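Trainee: I would like the atomic coordinates for the input below:
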Amino acid sequence: MVTWMMHACALTLPLLGSHTGYRSGAMEANTSSKTGEVPSLLANVEVSHLDGFDTTSTPLPSPKPVLHPAPARMRPPDRVAPRSEAVLPAFDSPFNPPGMRSGHPVSSISLPSSPTGFEPLVAPGGDLHERKQAMPNAAQEPAQHVRFVQQPHKLMFRSQPIPGGVPTHGVRRISSRTMNRDKRYDSFKTFSGKLERQITHLAGGGVPASTPEEEELAQGQGEAVSSENVDRFFAALEGPELDKLKSSEELALPADKKWPFLLRFPISAFGMCLGVSSQAILYKTIATAAPTEFLHVSPKVNLVLWYISVVLMSIITAVYAFKIIFFFEAVRREYYHPIRVNFFFAPWIACLFLAMGVPPSVTTQLPAWLWYALMSPVLCLELKIYGQWMSGGQRRLSKVANPSNHLSVVGNFVGALMGASMGLKEGPIFFFGVGMAHYTVLFVTLYQRLPTNATLPKDLHPVFFLFVAAPSVASMAWAKIVDEFGVGAKLAYFIAMFLYASLAVRINFFRGFRFSLSWWAYTFPMTGASIASIRYATVVDNAFTKALCLGLSLLATLTVTGLFATTMVHALVFHNLFPNDIAIAITDRKMKPIMELQESGKDDDSLSGSSCSKDIEAGATAAVAPQA
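Mentor: This is a model prediction of the structure:
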């Protein structure tokens, strides 16, 4: 029995030893898995001698660092590389479209092996224990974002552009002024501001393109007025000059702030050129005419006034040219305005005045082509405006008649006077006849003042003096055509003097209103009457005619001088010479709700009628039912 028990112990001890070794190995494996260490048996295993284990005959890859992006498909290595040497292929960037492989390299950076400090990673072939301790830290890093590069001496951080990002060279510079730009004025700009954006882009500053929503908002805030619908101006504006907005209307531009200067600069500013340039003609006549020789006026006065007129004309023309370039929509609205369109004759009339008032020291003979060049635009404008007066419709003369319409007639007489002074015959007679026919019609229309025409307020009383301008210039033009101040010239001159006197005796015409550009309507007619009086005094030479021409000339000079000084003060000191131009900032949006209201009223009437018929039918049915 004892012998059998001894044999049993001898057989059990080896099994217990092997079982104990197995448990110790398992415990070691568990401990290794918990600590993240790879068991030595797996870390040093070689698989190159195993057949069919995904092997190739290529030599072992070099352990040097890889600094370039890995290819999309890697060739299988000869042995299992440790995690610290793992190289990942390029990955799909979330910034790229689905299915598109990124062509950018993955960021190559080096991470510290310890969270407490930056230590260089151990190169391959180093101490096995240090490599094992570096492997757990490498296993805990997100492998899809980085890959490790072995650097034996120092750490290096390299940054790469985000895959699929937008290149920085394509980004346009946007200034704070551009971002804060008020887009409410875009609807009045040339091609909705495209020209301004082109010029800003060429100057070096990028301007972002307007989105469709912004363009729609700009168009909604300032819709274009139809060129044919002149009734819209009468419906939205009031006053004889149609420059005041009705209380039921809404402006397309902000009324609580000052608009850009070019939008506030009106075509009527050329009235200043008419007043100053006519003074140059006056003093040229005084210096050379026989009735005023006793004054001994130097020709240098005419030279100074002529140069002042040229400078003023150049400045105003340049400013309005910029308005045409940058705010063409505003110019178009002025042209289709039933009153403002008359002032488009003023630049050409002012040029005719400059040509007639040129000093003898500058030139004594003007070329004939100059007359044709200046009268061609006048003829084109007259064909348009006179045709509208005659054809009727919305722009018939009885509807749009205003003292400003005299400017469209005065151009004929001024052109006839200049052409006759240059020795031309047929052209001056043509323009004189056309001007006389339309002046007669205009004079009668304005004199009778139809009940549909509004009474001129006090602020516009100066425009009444335009009644004097046409007959004054007509008398001088006819005298030049026939080479004598005869009966025809005297008839026109006497009409002008009677109208002048009828306005001068009305004291209320000269008080009770504030200064505005309309005051310049005094200057040109008064100066024209003074020049006509000097021409008349050359034929009828007596003390009365000399006193008359002297008094009218002095009054015209004082008026022009006072208005010029007052204009400079309001322009340079008070900065209120050009207020917001309400006449061009109207919109069509107010007419739509009215039409919708009328349509809804019709619908309500039809609905109420149908409901009443239904009630009547129901009542009749109820009355018949009891009888049945």
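Trainee: what ranges do the strands span in this structure?
Mentor: With DSSP state E as the criterion, the chain has strands at 237-238, 244-245.
Trainee: what's the closest of these to residue 408?
Mentor: Among those, the nearest to residue 408 by C-beta to C-beta is strand 237-238 (20.4 Å). Every residue, glycine included, has its C-beta placed from N, CA and C.
Trainee: Run through who's touching the closest one.
Mentor: 243, 244, 245, 246, 249, 454, 582, 583, 586 (C-beta atoms under 8 Å, 6 or more residues apart in numbering).
Trainee: Neighbour count, pLDDT and distance to residue 333 added to these, as CSV?
Mentor: As requested, the contacts of strand 237-238 are exported to CSV (neighbours: other C-beta atoms under 10 Å; pLDDT from 0 to 100; distance: C-beta to C-beta, whole Å):
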residue, neighbour count, pLDDT, distance to residue 333
243, 22, 82, 12
244, 14, 85, 16
245, 18, 90, 14
246, 14, 90, 17
249, 18, 90, 15
454, 13, 57, 21
582, 18, 92, 11
583, 22, 91, 8
586, 26, 90, 8
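Trainee: Let me have those residues in a markdown table, adding distance to residue 323 as columns.
Mentor: What follows is the contacts of strand 237-238, written out as a markdown table (distance: C-beta to C-beta, whole Å):
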| residue | distance to residue 323 |
| --- | --- |
| 243 | 17 |
| 244 | 22 |
| 245 | 21 |
| 246 | 26 |
| 249 | 24 |
| 454 | 28 |
| 582 | 17 |
| 583 | 14 |
| 586 | 18 |
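Trainee: Pick the one among those closest to residue 388.
Mentor: Nearest to residue 388 out of the contacts of strand 237-238 is residue 583 (C-beta to C-beta; 18.7 Å).
Trainee: Now do the contacts for the closest one.
Mentor: Listed by C-beta under 8 Å, 6+ apart, the contact set of residue 583 reads 233, 237, 241, 242, 243, 333, 334, 337, 339, 340.
Trainee: Any figure for the gap between the closest residue to it other than its chain neighbours and residue 384?
Mentor: With sequence-adjacent residues excluded and distances taken as C-beta to C-beta, 6 or more residues apart in numbering, residue 583 is closest to residue 243, at 4.7 Å. Using C-beta to C-beta, to the nearest Å, we find residue 243 at a distance of 22 Å from residue 384.
Trainee: any low-confidence regions in this protein?
Mentor: By pLDDT under 70, the low-scoring segments of the chain are 1-182, 191-228, 449-461, 509-510, 512-513, 588-628.
Trainee: rewinding a little: show the backbone phi and psi for the residue nearest to residue 583.
Mentor: Per-residue torsions, residue 243: phi -130, psi 10 (degrees, to the nearest 10).
Trainee: Same question for the one 3 residues further on.
Mentor: With angles defined as degrees, to the nearest 10, residue 246 shows backbone torsions of phi -70, psi 150.
Trainee: Pull up the gap between residue 398 and residue 295, please.
Mentor: In this structure, residue 398 and residue 295 are 46 Å apart, going by C-beta to C-beta.
Trainee: ok, now residue 462?
Mentor: Remark: distance between residue 462 and residue 295 (C-beta to C-beta) = 28 Å.
Trainee: Same question for residue 364.
Mentor: According to C-beta to C-beta, residue 364 stands 23 Å off from residue 295.
Trainee: Looking at the two, which has the bigger crowd around it?
Mentor: Using other C-beta atoms under 10 Å, the more surrounded residue of residue 364 and residue 295 is residue 295, with 12 against 8.
Trainee: Check whether that one really touches residue 286, as I assumed.
Mentor: Yes. Counting by C-beta atoms under 8 Å, residue 295 does reach residue 286; the two are 6.3 Å apart.
Trainee: which stretches of the stretch 451-600 of the chain form helices?
Mentor: Assigned by DSSP state H, counting those that start in this stretch, the helices in the stretch 451-600 of the chain fall at 466-482, 487-504, 523-539, 543-569, 591-627.
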